[in-house]
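Asks: Here's my sequence, what's the structure:
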Amino acid sequence: MTGKVVERWKGRDMVAEGCPGKTLPDSFSIREMGAGDLALVTDWARREGFCPGPWDVAIMRHADRRGGWVGCLDGQPVGCVMGVRYDDSFGFIGLFLVRPEHRGHGYGVALWQRAMHHLRDVACIGLEAAPERLRDYGQWGFRPAHHTLRWSLPGHQLPSQRRPHCLSTAFPPGFRIVPAHAVSEPVVMAYDARHEATPRPLFLREWLQPSTPGDAVLVVLDEWGCCRGFARIRVALLPERECLGWRIGPWLADHEALAGGLLDRLCGDREGPVLVDAPETNPRAGRLLERRGFHPTSSTIRMYRGTPPGLPIQDIYGLACLELG
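Replies: Modelled structure (predicted):
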């Protein structure tokens, strides 16, 4: 068995609200996501175009060991969801999907209800919604905050050459870029906490550890050794199984020039497409990305139930991932 069966969320005990007349069959159950589910869920996310990193789902699960679930029909996984509780003030729902051949039967609604039950007393819950799902989430009390744009830089086949325009020439004096391992972990975590709804040390500790060859985390330090920005690039699994790309996030910086320097260092000499999920409400991000040949390919809408957190959006150039904010 790959996860613990939660008996309360089984068959006749679940009625899919929002799906009139659908009482779920006894053959459907929901259990906690286990280590044995990670490869399958990662492949589902790849097929859906989420472009996950090879270890993203494992890190998300570790952020809240009780915050991931798999829906099963006759014991076989057919869908999943994550509802990560960072603390009593903030949680996030993501990685919410049902395999195409099993949609329309209420399984997704039941998974959604399970995540919402887990986060029932959290003051604010966030998520990234596809445009066609705004009304659905609105019925659960979620309200739109801003658009998030996915930007893509096409790949190239010349690893010995840097990409066009990825050449920082105006990095401000008094600042330097160093690998994350050269910086005390609490320094980076404190900087991240000032740019998020709530501190996320469990998630960030693993997220900032390179897990695949080519992954990198870079930090901007000022002349006093204070963190003024950081960013991570990781391998991304594209929908086309034979193709690999890259995703940048988080990507945070106090100044546009610092953000540009991080971007150039991270993606300048890598093959394959590079993806960034940037809040549309920070026009600096779009400006930097356009100058370097990125173009927007899709969009989602950040939504919140509860009072939205006050974030320094002008310093947020790229999200860690759409599934956890």
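Asks: ok, residue 112 touching residue 96?
Replies: Yes - assessed by Cβ atoms under 8 Å, residue 112 is found in contact with residue 96 at 6.7 Å. (C-beta placed from N, C-alpha, C; glycine too.)
Asks: between these two, what contacts are shared?
Replies: With contacts defined as Cβ atoms under 8 Å, 6 or more residues apart in numbering, the residues shared by residue 112 and residue 96 are residue 81.
Asks: since we're on the closest residue to residue 153 other than its chain neighbours, how many residues are nearby?
Replies: Sequence neighbours aside, residue 274 is the residue nearest to residue 153 in space, at 4.3 Å (criterion: Cβ to Cβ, 6 or more residues apart in numbering). If you count neighbours by other Cβ atoms under 10 Å, residue 274 ends up with 27.
Asks: Stretch 74-88: which residues count as buried?
Replies: Within stretch 74-88, the residues that count as buried by 16 or more other Cβ atoms under 10 Å are 77, 78, 79, 80, 81, 82, 83, 84, 85, 86.
Asks: Skipping adjacent residues, who's closest to the first one in space?
Replies: Okay, so that is residue 77. residue 70 (4.9 Å).
Asks: How far off centre is whichever strand or helix holds the one you found?
Replies: Residue 70 belongs to strand 68-73 when assigned by DSSP states H and E. When C-alpha coordinates are averaged (Cα atoms, centre = their mean, to the nearest Å), strand 68-73 and its chain have centres 20 Å apart.
Asks: what packs against it?
Replies: For strand 68-73, the elements it packs on are strand 28-32, strand 76-85, helix 107-118, judged by 3 or more Cβ pairs under 8 Å, 6 or more residues apart in numbering; DSSP states H and E.
Asks: So which residues of the stretch 101-250 of the chain form helices?
Replies: Under the criterion DSSP state H, counting those that start in this stretch, helices of the stretch 101-250 of the chain are mapped to 107-118, 134-138, 185-193, 201-207.
Asks: circling back: distance check, the residue nearest to residue 153 against residue 298.
Replies: Distance from residue 274 to residue 298, counting by Cβ to Cβ, to the nearest Å: 15 Å.
Asks: before we move on, what about residue 290?
Replies: Distance from residue 290 to residue 298, by Cβ to Cβ: 16 Å.
Asks: thinking again about what came up before, now for the buried residues of stretch 74-88: which two are most distant?
Replies: The span of the buried residues of stretch 74-88, defined through Cβ to Cβ, is set by 78 and 86 at 27.8 Å.
Asks: who's in contact with the host helix or strand of residue 38?
Replies: According to DSSP H and E, residue 38 maps onto helix 38-47. Helix 38-47 has contacts (Cβ under 8 Å, 6+ apart) with 33, 51-52, 54, 56-58, 61, 70, 77, 80, 95, 97, 99, 237-239, 241, 323.
Asks: next SSE after it?
Replies: Scanning forward in sequence from helix 38-47 by DSSP H and E, the next helix or strand is helix 56-63.
Asks: still on that earlier bit, and the contacts of helix 38-47, which are buried?
Replies: Counted by 16+ other Cβ under 10 Å, these give 33, 51-52, 54, 56-58, 61, 70, 77, 80, 95, 97, 99, 237-238, 323 as buried.
Asks: roughly how far out does stretch 102-117 sit from the chain middle?
Replies: Relative to its chain's centre, stretch 102-117 lies at 20 Å (Cα atoms, centre = their mean).
Asks: What residues of it count as buried?
Replies: Residues of stretch 102-117 classed as buried by neighbour count (16+ other Cβ under 10 Å): 102, 105-116.
Asks: Low-confidence ranges, the stretch 1-150 of the chain, go.
Replies: Residues of the stretch 1-150 of the chain that meet the criterion pLDDT under 70 lie in 1-22.
Asks: I misspoke; the intended subject was the stretch 201-325 of the chain.
Replies: 241.
Asks: just the strands in it please.
Replies: Using DSSP state E, counting those that start in this stretch, the strands of the stretch 201-325 of the chain run over 216-221, 227-237, 244-253, 274-279, 295-305, 316-318.
Asks: Need the winner for burial among these.
Replies: strand 316-318 (a mean of 26; mean count of other Cβ atoms under 10 Å).
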